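**Student:** Sequence unavailable; structure follows:
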């Protein structure tokens, strides 16, 4: 492995992490979507790098799909919905864990994923070494956002980050599942986003808020 | 059975064509629904498609019994006896649900709760739901299976969203978020397993990448897989598909989603969809057992099973809402199946297989009856429902039969499978687990009976005439009630053979 190649891997990893933290530190609805778009672009670049390093042409298709669906269509749909929703407050005012604390915890999660990957004996080539811990970081940070944020839209973005983490995990570790399954997964994600967009609109109409903490009509007893 | 088989042979439908047409039937029906759009015709189309699915599934199961396993599309579609076991409830409950839908949704339409547009959406969703569930046991590729199960979530969320009201939106949101995160875990596990299957120690598995995601291929090479990765993968798969199967403590979405869905869909969610996810867990349990021995996954399954039955017991005791009570009872029964698989052995597996089928008969019966009851009383609150025997005599008798079956009273069907499962527990030296579960089952029995007796007897709170409502709703309930009794007394030869073949697959 020559040195410059490794450099690209490191830089792209850093880019992906920075965009992910963009979602963690921002409060506004549209800010998350912008950060998510940048993350998807970075992910697409990372995927293309993996395709280049491994020389498997199918991964280029996955990179193109990522760019088209995750960087263009999904942010467009969610931005449209955000603009359509008539709410006074379109920010995360009062998350369960404060923004500062969230940044700290997310940083710890990143460290944890690098540690975890070292513990598991898995084949190690340049791609795996660079991207596997990164993918687990995305997975954990996405999960963390879903748990500690109150706004429904933020939960959707968290879910999408988890999905991105999974995608990177799959591509880095196994060089992609067969293309047909890859496409199936993309379709599932896309339909899922459309459905959650409809639910977001309905929720804002019916409850006059996107604060999931205020949805508590369904209880036992 | 033999004459039927002979008939099938005479017609000589190749099983590959049968599998494909089985999958295409609900798709074609969904397209027809979209084109026709008239209420009466889309009801007819859907019921016809559901009966076609039933007939084709029966034919396919006969093929499976004769030939042990069938496959199509170069092994991408594959069904063995265990797939057949899951196919039975999908096709059976799909059929009775389609009939009940006509009555239930018709009533909602009359009451002005749903309009023409919603009816079309409902039947589109119903057909799509049927298709995604049929794909689960027929897919050989574990990636396709994941895509199919994720698709079931999306379609059923759409069906719950049919009603634009607070409860439905909240339930749909929770279901979508929790189930999707759960399935993200399952995909993580699937990828790990795929990785293990493509990178074995000796590197001497000759298969194309497409094939190494096939269940049959992974199982054949189970011994070669890296044990550590398999353990990790199984934990992720169990948490992921366990969320979708409603195993506690990942079950929190289930009572909301199952109680807010339109009742025929509740029956499908409880009776069929949970089984589809459990099917995935059991398949991966078989792979894990093949790779590292069964002890690891058995213990995990037993623990999740006990927790599920325990949480269900507590929730049923305090429950006030009729449909939520039934939803928690599904958590209980999924727990029992998980426990049975964990106990293992011939009787454990036999009990698990029978329990899957028995639950899929008794639970839809309960949901259908409760749907008719809540339409009549305009409430789901059990405290408001009194004197059913006077107001709806036929429905209430069927409701009681379902209730007695669901708590495991002899001579009904669930008694047989629960008895098999618990005796296998004691037989396999799992005394503690079996004893705890029996304790929980007693609590569930007592609280279920208390709720049931209060609703059925006594006097209605307001004067009501004796009226069982739609006669069409009675037909599917009668069918199911008859089957709870028949399967409680005797198990038909065909089912016995299928179950024994399935046990061979699972061992």
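**Tutor:** It's in. Predicted model, so just to flag it, every value in this text is computed and none were measured.
**Student:** do you know how far the nearest residue to residue B:459 once chain neighbours are set aside is from chain A?
**Tutor:** Nearest residue to residue B:459 in three dimensions, chain neighbours excluded: residue B:387, at 4.8 Å (Cβ to Cβ, 6 or more residues apart in numbering or on different chains). For glycine as for every other residue, the C-beta is placed from the backbone atoms N, C-alpha and C. Residue B:387 sits 24 Å away from chain A, going by Cβ to the nearest Cβ, to the nearest Å.
**Student:** Do you know the pLDDT at residue B:387?
**Tutor:** Looking at residue B:387, its pLDDT reads 89.
**Student:** Which secondary structure element is home to the spatially most central residue of chain A?
**Tutor:** Closest to where the C-alpha atoms of chain A average out (Cα atoms, centre = their mean) is residue A:161, at 1.4 Å. If you go by DSSP states H and E, residue A:161 is part of helix A:152-174.
**Student:** so what does that helix touch, helix or strand wise?
**Tutor:** helix A:3-25, helix A:29-54, helix A:57-65, helix A:74-84, helix A:126-148, helix A:179-207, helix B:166-198 (3 or more Cβ pairs under 8 Å, 6 or more residues apart in numbering or on different chains; DSSP states H and E).
**Student:** buried sites along the strand or helix carrying residue B:55?
**Tutor:** If you go by DSSP H and E, residue B:55 is part of helix B:39-67. Across helix B:39-67, burial judged by 16 or more other Cβ atoms under 10 Å in any protein chain shown covers B:39, B:42-43, B:45-47, B:49-54, B:56-65.
**Student:** tell me the mean pLDDT over it?
**Tutor:** For helix B:39-67, the per-residue pLDDT averages 94.
**Student:** Return the distance of it from the chain's centre.
**Tutor:** Relative to its parent chain, helix B:39-67 has a centroid offset of 17 Å by Cα atoms, centre = their mean, to the nearest Å.
**Student:** cool, stretch B:319-332 as well?
**Tutor:** Distance, centroid of stretch B:319-332 to centroid of chain: 15 Å (Cα atoms, centre = their mean).
**Student:** That stretch near chain A anywhere?
**Tutor:** Yes - interface with chain A: stretch B:319-332 contributes B:319, B:320, B:321, B:324 (Cβ under 8 Å from any Cβ of the partner chain).
**Student:** I'd like to know which elements the one helix or strand residue B:134 maps to is packed against.
**Tutor:** Using DSSP H and E, residue B:134 maps to helix B:116-138. With contacts defined as 3+ Cβ pairs under 8 Å, 6+ apart, the packing partners of helix B:116-138 are helix B:15-36, helix B:39-67, strand B:77-80, helix B:81-110, helix B:142-160, helix B:263-268, helix B:274-292.
**Student:** Repeat the analysis, applying 6 Å as the threshold.
**Tutor:** Helix B:116-138 is packed against helix B:15-36, helix B:39-67, helix B:81-110, helix B:142-160, helix B:274-292, with contacts defined by 3 or more Cβ pairs under 6 Å, 6 or more residues apart in numbering or on different chains; DSSP states H and E.
**Student:** from memory residue B:147 sits against residue A:184, does it?
**Tutor:** Yes - when contacts are counted by Cβ atoms under 6 Å, residue B:147 is listed as touching residue A:184 (3.7 Å).
**Student:** more neighbours, those two?
**Tutor:** residue B:147 (24 against 20; other Cβ atoms under 10 Å in any protein chain shown).
**Student:** contacting residues for the more buried one?
**Tutor:** A:184, A:188 (Cβ atoms under 6 Å, 6 or more residues apart in numbering or on different chains).
**Student:** And the nearest residue to residue B:237 once chain neighbours are set aside, how far from chain A?
**Tutor:** In this structure, residue B:237 finds its nearest non-sequential neighbour in residue B:189, 3.6 Å apart by Cβ to Cβ, 6+ apart. Distance of residue B:189 to chain A, computed by Cβ to the nearest Cβ: 11 Å.
**Student:** Please enumerate the strands of the stretch 251-400 of chain B.
**Tutor:** Taking DSSP state E, counting those that start in this stretch as the test, none of the stretch 251-400 of chain B falls into strands.
**Student:** Any residues of it in contact with chain A? List them.
**Tutor:** B:256, B:315, B:318, B:320 (Cβ under 6 Å from any Cβ of the partner chain).
**Student:** make it 7 Å
**Tutor:** By the rule Cβ under 7 Å from any Cβ of the partner chain, the part of the stretch 251-400 of chain B lying against chain A is B:256, B:315, B:318, B:319, B:320, B:324.
**Student:** In PyMOL, how would I select the buried members of those residues?
**Tutor:** Buried residues within those, by 16+ other Cβ under 10 Å, are selected in PyMOL with:
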select buried, chain B and resi 256+315+319+324
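**Student:** State the pair within the residues of the stretch 251-400 of chain B next to chain A that is farthest apart.
**Tutor:** B:256 and B:318 (16.0 Å; Cβ to Cβ).
**Student:** gap between the two ends of stretch A:89-108?
**Tutor:** 30 Å (Cα to Cα, to the nearest Å).
**Student:** And the contacts of it?
**Tutor:** Outside stretch A:89-108, the residues that touch it by Cβ atoms under 7 Å, 6 or more residues apart in numbering or on different chains are A:21, A:24-25, A:27-29, A:82, A:141, A:144, A:148-151, A:154.
**Student:** for the record, mean pLDDT for stretch B:307-315?
**Tutor:** Mean predicted confidence for stretch B:307-315 is 95.
**Student:** Give me the contact list for it.
**Tutor:** Contacts of stretch B:307-315 (Cβ under 7 Å, 6+ apart): A:220, B:247-249, B:251, B:328-329, B:331-332, B:334-336, B:338, B:437, B:440, B:443-444.
**Student:** Could you pick out the residues of chain A near chain B for me?
**Tutor:** So chain A meets chain B at A:121, A:123, A:146, A:152, A:155, A:159, A:162-163, A:166, A:169-170, A:173-174, A:177-178, A:181, A:184-185, A:188, A:191-192, A:195-196, A:199, A:202-203, A:206-207, A:215, A:217-218, A:220-221 (Cβ under 7 Å from any Cβ).
**Student:** Just the buried residues from those residues, in PyMOL please.
**Tutor:** Command for PyMOL that selects the buried part of the residues of chain A next to chain B, burial taken from 16+ other Cβ under 10 Å:
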select buried, chain A and resi 146+152+155+159+162+163+166+169+170+173+174+177+178+181+184+185+188+191+192+195+196+199+202+203+207+215+218
